[in-house]
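>>> Quick one: sequence plus predicted model below, questions after.
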Amino acid sequence: MSKGKVRKHNIDVMFLMILFLIFTFSAVSVLLMAVNSYKSVVYANEENANARTAIAYIREKVRQNDKAGAVQVDTFDGVDAIKLASEDGIVVYIYCYDGYLMEMETKEGAEVTADFGNKIMEVKDMAISGSENQLIHVTVTDTSEKTSDVSIAVKSGGVR
């Protein structure tokens, strides 16, 4: 054996390989936990956003059309709806039908059914009520059974 060479033992190589495997396993484990945590946060956020998005949509549509006598709580085709009338004879109905928040635009007095509307988003149920003190109460239940509600003040006049 020459003087300047250091002999490597098999145990040194095995120790390094085991150390590398432990490090790799730890890194992969941490990565998988982070991915699962991210998925659960995104899922929870989406579930919470559905009912709130429906409420925000309804609130903004009512505020956009808040003109004297234009906002009503009405029933058509056996479905409770918010009726938004415009001066040119166009009526917009916002309602829940067949598991969806729906919107339908039609002429005043037209014979329509609830299935004519456009699907906005999936919701389980929606309850609408008007009160004499210029408030519309809306409660939306999303597909995961989470409920959100809002009272919308109609500033242009009473809710009919």
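Arrived safely. Since we're looking at a predicted model, the values are computed, not measured.

>>> before we move on, what SS does Asn50 have?
Secondary structure state of Asn50, per DSSP: H, G, I helix; E, B strand; the rest coil, is helix.

>>> Which residue, other than its chain neighbours, is closest to it?
Asp142 (4.1 Å; CB to CB, 6 or more residues apart in numbering). In this view, the C-beta of every residue, glycine as well, is placed from N, C-alpha and C.

>>> how about the one you found, phi and psi?
Asp142 adopts backbone torsions of phi -80, psi -180, taken as degrees, to the nearest 10.

>>> dump the residue contacts of it.
47, 50-51, 54, 122-124, 148 (CB atoms under 8 Å, 6 or more residues apart in numbering).

>>> now Lys119
Applying CB under 8 Å, 6+ apart, the residues contacting Lys119 are 100-102.

>>> Please tabulate those in JSON lines, including the columns secondary structure.
As requested, those are exported to JSON lines (three-state DSSP):
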{"residue": "Tyr100", "secondary structure": "strand"}
{"residue": "Leu101", "secondary structure": "strand"}
{"residue": "Met102", "secondary structure": "strand"}
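
>>> That concludes my questions; thank you for your assistance.
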